[in-house]
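Q: here you go, sequence then predicted model.
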Amino acid sequence: MIPKFKIFSSFFVFKSAFKAIKIEKIAIFSLVCLLVGCSFQQSAPRKLVTTTTEAATIESSNEVEFINLSATNGEKKPVISLLLEVNYPKAEKLSLRGHKLESEDFPFIKHVGSTLTYLDLSECNLNAIPLEVAGVGALKTIYLSDNNIKELNAEFYSLDKLTYINLDRNSLTNLPEGIAGLKSLKWLRLNNNKLSSLPADIVELKNIKRLYLNKNDFTEIPEEIKQMTSLEELSLGGNKITEFPEWLCEMPNLKRIDLYGNPIKNVPDKIFEMPSLSTLVMDNCLLDNDRKLEINKKLTDKRIKFIF
């Protein structure tokens, strides 16, 4: 028979241990809640002080953070020149989308100071990137789509904090050397231009994740891309590419390849060995039906989506 004092002693030890475990669990739970709470708090976007008219922008010049003067009718607002009269020390975002801008309008950009990180000059009837833009050294995002830009000036390449560039639907025929200056670039959109090659120093963009070159004049996948090992998405749809090079299958981080609408007749078997690939888009290419079915089966077995 077990003595009573031993039973009580064991019970006391068990109870103490249980309490300790309970307290520890509560502490861990509280810590997790605190961390999650902090995470949620950090992820919540900060609402910027925004103005949408010239009058309000001038009146709130010392406080405004997002100057949103996008035009809906494609006409230049007559009082943009009035904005030159004051400075905007807290401005982070500026949109002049849709205005028919002229060169004398761009000194306005200088008045936003060094705080501007976002600039939208889409649909502004531009033939070139204004030189004043290069003076906005903190710029991270720029939209220049739907203009008539024919070339990039060397000054533009000095914007080494840019992470996103949208130059879709312009008239670019080539990219001059010097693009390596955009060392922070992660996302480059050049769809619907007239490009047929890439500059050699584009391989020095070590942070680039997404490259969009749809609907240009490429007849082959540029070999420079081979050295852009950080790429996760590559789009070259709607070009005149005839071959799918084996080296493309050796890119370690490539998750999505989009080659729709090219006259490509085959895909190398190495495609099945790509470690990160999740989506291959090749609809409206020249693969025969048997090869399509074979590729589809093998990629489906690896849980890779094949659009053909």
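A: Cool, the structure landed. Residues are numbered from 1 along each chain as shown.
Q: where does Gly238 land on pLDDT?
A: Here, the pLDDT recorded for Gly238 equals 98.
Q: let me fix that, I meant to ask about Thr53.
A: 82.
Q: now the helices for the stretch 101-250 of the chain?
A: 107-110 (DSSP state H, counting those that start in this stretch).
Q: which stretches of it have low pLDDT?
A: Across the stretch 101-250 of the chain, the ranges flagged by pLDDT under 70 are 113.
Q: relative to Thr115, how far out is the residue most central in space within the chain?
A: Residue closest to the average C-alpha location in the chain (Cα atoms, centre = their mean): Trp187, at 3.8 Å. Distance, Trp187 to Thr115, using Cβ to Cβ, to the nearest Å: 22 Å. Every C-beta, even on glycine, is put in place using the N, C-alpha and C of the backbone.
Q: repeat that for Pro107.
A: Distance from Pro107 to Thr115, by Cβ to Cβ: 17 Å.
Q: before we move on, what about Ala55?
A: From Ala55 to Thr115 the distance is 22 Å (Cβ to Cβ).
Q: who has more neighbours out of the two?
A: Counted by other Cβ atoms under 10 Å, Ala55 and Thr115 do not tie: Thr115 has more neighbours, with 14 against 10.
Q: start and end of stretch 177-191, how far apart?
A: Using Cα to Cα, to the nearest Å, one end of stretch 177-191 lies 19 Å from the other.
Q: surely Met274 touches Leu254?
A: Yes. At 6.6 Å, Met274 and Leu254 qualify as touching, with contact defined as Cβ atoms under 8 Å.
Q: measure Asn284 to Asp146 for me?
A: With Cβ to Cβ as the criterion, Asn284 and Asp146 are 25 Å apart.
Q: neighbour count winner among the two?
A: Between Asn284 and Asp146, counted using other Cβ under 10 Å, Asp146 has the larger neighbour count: 20 against 13.
Q: quick check: closest non-adjacent residue to Arg97.
A: Ser70 (4.2 Å; Cβ to Cβ, 6 or more residues apart in numbering).
Q: count of neighbours near the one you found?
A: 13.
Q: for it, report the pLDDT, please.
A: At Ser70, pLDDT is 87.
Q: just to check, it is in contact with Lys93?
A: No. At 11.2 Å, Ser70 does not count as touching Lys93 under the criterion of Cβ under 8 Å.
Q: so who does Leu175 touch?
A: Leu152, Leu190, Leu195, Leu198, Pro199, Ile202 (Cβ atoms under 8 Å, 6 or more residues apart in numbering).
Q: was I right to think the first one contacts Ser171?
A: Read it as Leu152. No. With contacts counted by Cβ under 8 Å, Leu152 stays clear of Ser171, the gap being 11.7 Å.
Q: name the residue in these two with the higher neighbour count.
A: More crowded of Leu152 and Ser171, by other Cβ under 10 Å: Leu152, with 21 against 13.
Q: so the more buried one versus Lys206, what's the distance?
A: In terms of Cβ to Cβ, Leu152 sits 20 Å off from Lys206.
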